[in-house]
Every structure is written in structure tokens, then in C-alpha cells.
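S.K.: Give me a 3D structure for the following:
(chains A and B)
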Amino acid sequence: EPEVTQTPSHQVTQMGQEVILRCVPISNHLYFYWYRQILGQKVEFLVSFYNNEISEKSEIFDDQFSVERPDGSNFTLKIRSTKLEDSAMYFCASSGSVPTDTQYFGPGTRLTVL
Amino acid sequence: DAKTTQPTSMDCAEGRAANLPCNHSTISGNEYVYWYRQIHSQGPQYIIHGLKNNETNEMASLIITEDRKSSTLILPHATLRDTAVYYCIVRSPNTGNQFYFGTGTSLTVIP
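M.R.: You can find the predicted model right below:
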């Protein structure tokens, strides 16, 4: 069964450093998403991406965040200058050919900012 | 999106059916009910979704009341691996494609 994959599974970085989280969505999917979950809190939407541009973003997704689909398979989330409060699980998701299709989530990347 | 209310936690004996309720009394006619679960800190796993009719797949059954104000997710024969947080999410096609996750129901399957 096709699945969303994410790398790395755990990323440790120093405050102020840039990190790139990588995702490989399900191959025939067209809509891509990032969510995050701070330890003990709810899963929160960050951004959705379609046709090489952002379609929606939340208030959390400020100027320090960016997303990119650099090639036909990868979808990345970049955090330019990490803060302690960026420590969280980051989940990538993808859905099919219409935005209301079911979203399938990856296993997540645990980001720890020291 | 309509707000959902779920019990904070539930227990279920292994091998028995787990019935997880969800109230969504403000649901609109075009809003779907989705169920996801999250095991430990893994990514949310899709279970099932429905609009009006009851639905069944290899994982679970979804029973939606006729007035659509509540629903029940049924895991027919719960196993220890079903211990997870279960999220009931009402999603409108008109207000964006993101999912709004609440706090869900923490289901513990007891041996």
C-alpha cells in the first residue's frame, strides 16, 4: 500500500539554525500539507500546497517557514531560523486529485531545537 | 467546520467491540465526518469517513444518526494495537482542505 514517507525521523538543531524537513508524498497525489504537533498538544495545520504554490496557510506559518517541491517526488518544509518553540513533531500529508480527498499522513519528523 | 465533542478517555476489553461516540450537533449538510487515530506520537492514521450513510471498511464501521448530529466509530474486535487517540473531525469542503484536530478520545484496550 502506498504511503507517505518523511526524513529524517529525528532532527536535532541549535537555535537559530536552518532546518529542512523532507517528505515524499504518495506518488499520484496532487495536494500536500504540513502539520505540527507540540508535545502534549493538538495536531495543528501549517500549510497546504497545490500546483507549485501555497493554497492555504495558518497563522503559525510565518515568514520563517517556507515550502517547496524541488522535484517530482519531494516536498520540503524549511524553517529558516529555528526557535526553541519550534520543537515539535512535523507531519507531512498528501491527498489525491481534489482538495476534499482523504489526507494520508507520514510518520513524522521529531524536531528538537536546543 | 462544526465543532465535535468526544469523551476524553475510554477503556475496552480486548476482543470486544469498541464504540467511540462523537457529537457534532452543528454539522452542516455538506460536511463529512472523518475519523483518524494516532498511536503514540506517530502520524495520524485515516480510519473511515462518511456523509449520511453508515460506512464500513476493513478497519471499522461508522454509524451516523439520521439527524447527523452524532456518530459512532465501531472497532468490531479491539486488539491491544488499537490503543490510541481517536479523533472525530467534521470537515467542510467550503472552508479549506485542512483538518482541525481536537483532543480526541484516548482508547485503552485492556487485556
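S.K.: what bridges to residue 91?
M.R.: Since you didn't name a chain, this refers to chain A. A:Tyr35 (DSSP bridges).
S.K.: Switch to chain B, please.
M.R.: Beta bridges link B:Arg91 to B:Tyr32 when assigned by DSSP bridges.
S.K.: Centroid-nearest residue for chain A?
M.R.: A:Trp34 (3.2 Å; C-alpha atoms, centre = their mean).
S.K.: Could you tell me which residues make contact with the nearest residue to that residue once chain neighbours are set aside?
M.R.: Closest residue in space to A:Trp34, ignoring its immediate chain neighbours: A:Leu46 at 4.3 Å, by C-beta to C-beta, 6 or more residues apart in numbering or on different chains. To be clear about C-beta, it is placed using only N, CA and C from the backbone, and glycine gets the same treatment. Contacts of A:Leu46 were listed using C-beta atoms under 8 Å, 6 or more residues apart in numbering or on different chains, and they are A:Tyr33, A:Trp34, A:Tyr35, A:Arg36, A:Lys57, A:Ser58, A:Ile60, A:Phe61, A:Phe65, A:Leu77.
S.K.: Buried ones among those?
M.R.: Among those, those scoring as buried are A:Tyr33, A:Trp34, A:Tyr35, A:Arg36, A:Lys57, A:Ser58, A:Phe61, A:Phe65, A:Leu77 (criterion: 16 or more other C-beta atoms under 10 Å in any protein chain shown).
S.K.: The residue nearest to A:Trp34 in helix, strand or coil?
M.R.: Applying DSSP: H, G, I helix; E, B strand; the rest coil to A:Leu46 yields a three-state assignment of strand.
S.K.: Need the pLDDT of it.
M.R.: In this model, A:Leu46 is scored at 96, pLDDT.
S.K.: Equivalent analysis for the one 4 residues further on, please.
M.R.: At A:Tyr50, the model reports a pLDDT of 91.
S.K.: Check what contacts the one helix or strand B:Leu20 maps to and list those residues.
M.R.: Under DSSP states H and E, the secondary-structure element containing B:Leu20 is strand B:18-23. Around strand B:18-23, the neighbours that count as contacts under C-beta under 8 Å, 6+ apart are B:4-7, B:10, B:12, B:33, B:35, B:69-75, B:78, B:82, B:86, B:88, B:105, B:107, B:109.
S.K.: got the buried residues for that strand?
M.R.: If you call a residue buried by 16+ other C-beta under 10 Å, then strand B:18-23 has these buried ones: B:Ala18, B:Leu20, B:Cys22, B:Asn23.
S.K.: Quick check: of those residues, which lies closest to B:Phe101?
M.R.: Distance to B:Phe101, by C-beta to C-beta, is smallest for B:Cys22 among the buried residues of strand B:18-23, at 13.0 Å.
S.K.: what about the nearest residue to that closest one once chain neighbours are set aside, which helix or strand?
M.R.: For B:Cys22, the nearest residue in space outside its immediate sequence neighbours is B:Cys88; the separation is 3.4 Å by C-beta to C-beta, 6+ apart. Element membership of B:Cys88 [criterion: DSSP H and E] is strand B:84-91.
S.K.: Which SSE is immediately downstream of that strand?
M.R.: Under the assignment DSSP H and E, the closest C-terminal helix or strand after strand B:84-91 is strand B:105-110.
S.K.: Pull up the pairing partners for that following strand, direction included.
M.R.: Taking DSSP bridges as the criterion, strand B:105-110 forms sheet pairs with strand B:9-13 (parallel), strand B:84-91 (antiparallel).
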